[in-house]
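In: Here's a sequence, model it:
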Amino acid sequence: MMNRVSRPALRGSLLGNVLRLLNPIVKLLLNSPIHWPLSHWFAILSWTGRKTGKRYSTPVSHIREGEVVWVTTGDRWWHNLGDRGPVTIRVRGQWREAVAAPITDPAESQTGHERLFRAHPWFRWLSGIPGSSAGGADPVELGRALQAGRVLVRIELGDHRAGARHLDAGHAGRKHRA
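Out: Numbers count the residues shown, from 1 in each chain. Model (predicted):
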């Protein structure tokens with residue numbers, strides 16, 4: 001596992017460069033009828049840039065709990081959301097309109113990350129956070145990652161029929177830029 005505590009952002013890292021090459025393939029698979037091998041763990045998140053007004057999308061690892069999807073990131077795309085921002089997300093083969101809210105309070109973010117990483121070790125592993133002997137994330141290393149810029153994002157799902165209008169060909173091919 002690659003440790004991404006002190007530098008949680010993918011942009012500019014070796015892993016980030018590899019993922020940038022793989023993202024178009026992952027998006028293609030997640031947008032296809034054979035999404036199911038990946039869509040349990042990965043989704044496509046789409047948002048509008050605050051300054052540019054352009055639509056961006058990127059594959060993200062996620063955890064779904066009912067009508068809430070959790071994403072953790074070390075990249076800066078979440079700044080486009082403000083306190084609560086409209087997004088669309090393709091989760092388990094369906095586009096859904098949603099509202100995404102970054103958890104910027106350090107204590108709340110630490111607690112949320114710890115809970116999710118303990119319940120879903122693969123999510124911690126993909127995030128590059130070292131584990132603890134008690135299970136879950138090492139709390140000191142997680143705290144360092146949060147100070148370095150890692151953020152938890154809560155995405156509240158809306159109507160799945162409304163999200164379908166984002167399935168145009170141009171939307172699926174746009175590249176992610178933070």
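In: When you work out contacts or count neighbours from here on, use the C-alpha atoms and nothing else.
Out: Will do.
In: Packing partners of the longest strand seen in the chain?
Out: Ranked by residue count, the top strand of the chain under DSSP state E comes out as strand 94-103. Contact here means 3 or more CA pairs under 8 Å, 6 or more residues apart in numbering; DSSP states H and E; on that basis strand 94-103 packs against strand 85-91, strand 151-157.
In: Make JSON lines out of these and add mean pLDDT and mean neighbour count.
Out: Output for the helices and strands packed on strand 94-103, formatted as JSON lines (pLDDT from 0 to 100; neighbours: other CA atoms under 10 Å):
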{"stretch": "strand 85-91", "mean pLDDT": "96", "mean neighbour count": "23"}
{"stretch": "strand 151-157", "mean pLDDT": "97", "mean neighbour count": "23"}
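In: Looking at those strands, which is nearest to Thr111?
Out: For Thr111, the closest of the helices and strands packed on strand 94-103 is strand 151-157, at 10.2 Å, according to CA to CA.
In: quick one: that closest one to strand 94-103, angle?
Out: For strand 151-157 against strand 94-103, the angle by axes from the mean of the first three to the mean of the last three CA atoms, to 10 degrees is 140 degrees.
In: Fine by me, thanks again.
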